[in-house]
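In: Test case, fold it:
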Amino acid sequence: INRATARLAYEYNLPLWNFWRAAQPLPYHGLDPTRDDGFHIAYGTWATRALTALQALDSVWRGVTGAVESPLGTGDRPVPQGDPIAPTPTPTGAQPTPFAGSGGFVFGVRARGESGEGFTARGVYYYDYAAQNLIQLAGEDFDFQDVSPDGTMILLNRGGDLFSMLVEGGKMLPLTGGLLWESRRAAVWLEDGSIAVIAASREEQAALWVYDGSAWTRLAGPEIRPAALIRALGASGVLVEQGACVPGVGCSAEGAAWVGLDGAVDNSLAGAVRPAFSARGEYFLYTYYNHLGKSALGLSTPDRGWQWNLDLAEKVVADYDWSADGKEAVVLFYDRSDYSGKISQNSLLLVQPYAYPDIATRELPAAPMGLAALARWSPDRTRILLPYSEPLQDGRYRLRLQVYNWYSEDFNFLDDGAWVDAKFIYVGNIEWR
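Out: This is a model prediction of the structure:
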């Protein structure tokens, strides 16, 4: 009944109170274990039922009346002094739209460059999962970087100019210029609310900077070669990918390093490409190249005292992400022929390190996916987001937003299939809030 109701709501663009979805994280999915009828809910579930019903009614009321909550925060952030390059004025061409809702994800869309290298920004978007609605936050020349830990602000850039934007109200504030925009991710929020940025003045190479809301501090310079930043909330430093960057083209990662807020560099992650730490920092996943020069997957403790490896034969690691509780990670692979270089299949693998020292792995149901696919857990661990780019027969590309439901074990599309472009478009940075 719930599935039929949800499909009708989606088909006719109607508000939906999805009590089934809200009950999935609860013990026994909200059902009363003492009554073996699969129908009656437990006593404690009634509170969730009442709360989500009120939230649904409130969302409809705000949608009809246009009411918006007051912005969270104490006021405008000051424009930093002594930053790497003076910021440009706030752009007048972009018209960000406020977004609201109980759960969704922010992402940036990119298009591959004319020469097949590098990329151009194609806008920043928010998908409100509760309302099943896609909202454009910033215009096509903007790219997305990160969401603040409290979810009230986002970082976005237009070329080398970095901005922060209030979630409620869409007000944009300039932070700095000189951003290494070619990077996979050049700006992240740290746990204490400060911002780490890879930026450079016109005379110097890219360096790592931190902005605490009033002043910029340079953490590291020539001793590291910053190519990208990695989100690592809860850490006492900045996790930096090291590598080489070609202006206007992009960056390639060769390993990673921790940079403390005192500027100290820890190279214990040398050789670990794209490390991703679990929520409590007990383990991290990474990719590396084996003795045959092929992609391989590694899982290790932070001190590198224990390590688990998985050789992939012709498979290539595309992406991976930890669940919010840190108990498991999903890894996205694709098969690529050594002869033709073509991608023939995508697959998903669940890695569960809590069974240490015996690591548990489980293949998830396969789904047709295309190019530049990513994998992201929802915060409540009920879904895995799988955006990808689908090549069409006429030479164009279609951007798809696909979701795997953890409990029903099926796949659904969040888009209508109309996001088509003559260029190879794909999702860049993405965060589920």
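In: starting at the chain centroid, how far to stretch 138-152?
Out: Centroid displacement of stretch 138-152 relative to its chain, using CA atoms, centre = their mean, to the nearest Å, is 11 Å.
In: Can you point out the buried residues in that stretch?
Out: 138, 139, 142, 143, 144, 145, 146, 147, 148 (16 or more other CB atoms under 10 Å). Bear in mind the C-beta positions are built from the backbone N, C-alpha and C, glycine included.
In: isn't the third one right next to residue 123, touching?
Out: So the one you mean is residue 142. Yes - using CB atoms under 8 Å, residue 142 is in contact with residue 123, at 6.1 Å.
In: hang on, residue 331 packs against residue 352?
Out: No - using CB under 8 Å, residue 331 is not in contact with residue 352; the gap is 11.4 Å.
In: Could you check which of the two is surrounded by more residues?
Out: A side-by-side neighbour count of residue 331 and residue 352, using other CB atoms under 10 Å, places residue 331 first with 25 against 15.
In: helices or strands next to the helix or strand hosting residue 136 in the packing?
Out: Applying DSSP states H and E as the criterion places residue 136 in strand 133-138. The contact analysis (3 or more CB pairs under 8 Å, 6 or more residues apart in numbering; DSSP states H and E) places strand 133-138 against strand 119-128, strand 153-158.
In: 6 Å - rerun?
Out: strand 119-128 (3 or more CB pairs under 6 Å, 6 or more residues apart in numbering; DSSP states H and E).
In: Partner strands of the strand it packs on, with direction?
Out: strand 104-112 (antiparallel), strand 133-138 (antiparallel) (DSSP bridges).
In: Show me what counts as buried in that strand.
Out: Across strand 119-128, burial judged by 16+ other CB under 10 Å covers 119, 121, 122, 123, 124, 125, 126, 127, 128.
In: thinking again about what came up before, make TSV from the strands paired with strand 119-128 and add distance to residue 348 and mean pLDDT to it.
Out: Listed next are the strands paired with strand 119-128 as TSV, based on distance: least, CB to CB, whole Å; pLDDT from 0 to 100:
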stretch	distance to residue 348	mean pLDDT
strand 104-112	18	93
strand 133-138	24	90
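In: Dump the ones you listed to CSV, plus distance to residue 58.
Out: As requested, those are exported to CSV (distance: least, CB to CB, whole Å):
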stretch, distance to residue 58
strand 104-112, 16
strand 133-138, 16
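In: Can you check which of those gets nearest to residue 369?
Out: Smallest distance to residue 369 across the strands paired with strand 119-128 (CB to CB): 16.3 Å, for strand 104-112.
In: export stretch 282-296 as PDB, just CAs?
Out: Presented in PDB, the C-alpha positions along stretch 282-296 are these (Å, rounded to 0.1, in the frame of the first residue of the first chain):
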ATOM      1  CA  GLU A 282      39.000   3.200  13.600                       C
ATOM      2  CA  TYR A 283      39.600   2.300   9.900                       C
ATOM      3  CA  PHE A 284      40.200   3.900   6.600                       C
ATOM      4  CA  LEU A 285      39.700   2.700   3.000                       C
ATOM      5  CA  TYR A 286      42.000   3.700   0.200                       C
ATOM      6  CA  THR A 287      43.100   2.700  -3.200                       C
ATOM      7  CA  TYR A 288      46.600   1.900  -4.400                       C
ATOM      8  CA  TYR A 289      48.400   0.400  -7.300                       C
ATOM      9  CA  ASN A 290      49.700  -3.200  -7.000                       C
ATOM     10  CA  HIS A 291      52.900  -4.600  -8.500                       C
ATOM     11  CA  LEU A 292      51.200  -5.000 -11.800                       C
ATOM     12  CA  GLY A 293      50.200  -1.400 -11.900                       C
ATOM     13  CA  LYS A 294      46.500  -2.200 -11.400                       C
ATOM     14  CA  SER A 295      44.000  -0.600  -9.100                       C
ATOM     15  CA  ALA A 296      43.500  -2.300  -5.700                       C
END
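In: so for it, what's the average pLDDT?
Out: Across stretch 282-296, pLDDT averages out at 81.
In: ok, how many other residues are close to residue 424?
Out: Neighbour count of residue 424, defined by other CB under 10 Å: 18.
In: And the pLDDT for it?
Out: 93.
In: With the one 4 residues further on instead?
Out: The predicted local distance difference test score for residue 428 is 95.
In: Over to the one 5 residues further on?
Out: You'll see residue 433 listed with a pLDDT of 76.
In: Would you agree it is in contact with residue 147?
Out: Yes - look at residue 433 against residue 147 with CB atoms under 6 Å: they come within range, at 5.4 Å.
In: I'd like the C-alpha coordinates of stretch 419-428 written as PDB, please.
Out: Taking Å, rounded to 0.1, in the frame of the first residue of the first chain, the C-alpha atoms of stretch 419-428 are listed here in PDB:
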ATOM      1  CA  TRP A 419      18.700  15.900 -17.700                       C
ATOM      2  CA  VAL A 420      20.500  15.600 -21.100                       C
ATOM      3  CA  ASP A 421      23.500  17.500 -22.400                       C
ATOM      4  CA  ALA A 422      25.600  17.500 -25.500                       C
ATOM      5  CA  LYS A 423      28.700  17.400 -23.200                       C
ATOM      6  CA  PHE A 424      29.700  14.700 -20.900                       C
ATOM      7  CA  ILE A 425      28.000  15.800 -17.600                       C
ATOM      8  CA  TYR A 426      28.500  14.200 -14.300                       C
ATOM      9  CA  VAL A 427      28.200  14.800 -10.500                       C
ATOM     10  CA  GLY A 428      31.300  16.300  -8.800                       C
END
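In: contacts for that stretch?
Out: Outside stretch 419-428, the residues that touch it by CB atoms under 6 Å, 6 or more residues apart in numbering are 107-112, 372, 374, 387, 389, 396-399.
In: picking up where we left off before, and the strands paired with strand 119-128, which is most packed in?
Out: strand 104-112 (a mean of 22; mean count of other CB atoms under 10 Å).
In: re the thing from before, residue 310: which of the buried residues of strand 119-128 is nearest?
Out: Nearest to residue 310 among the buried residues of strand 119-128, with distances taken as CB to CB, is residue 119, at 29.6 Å.
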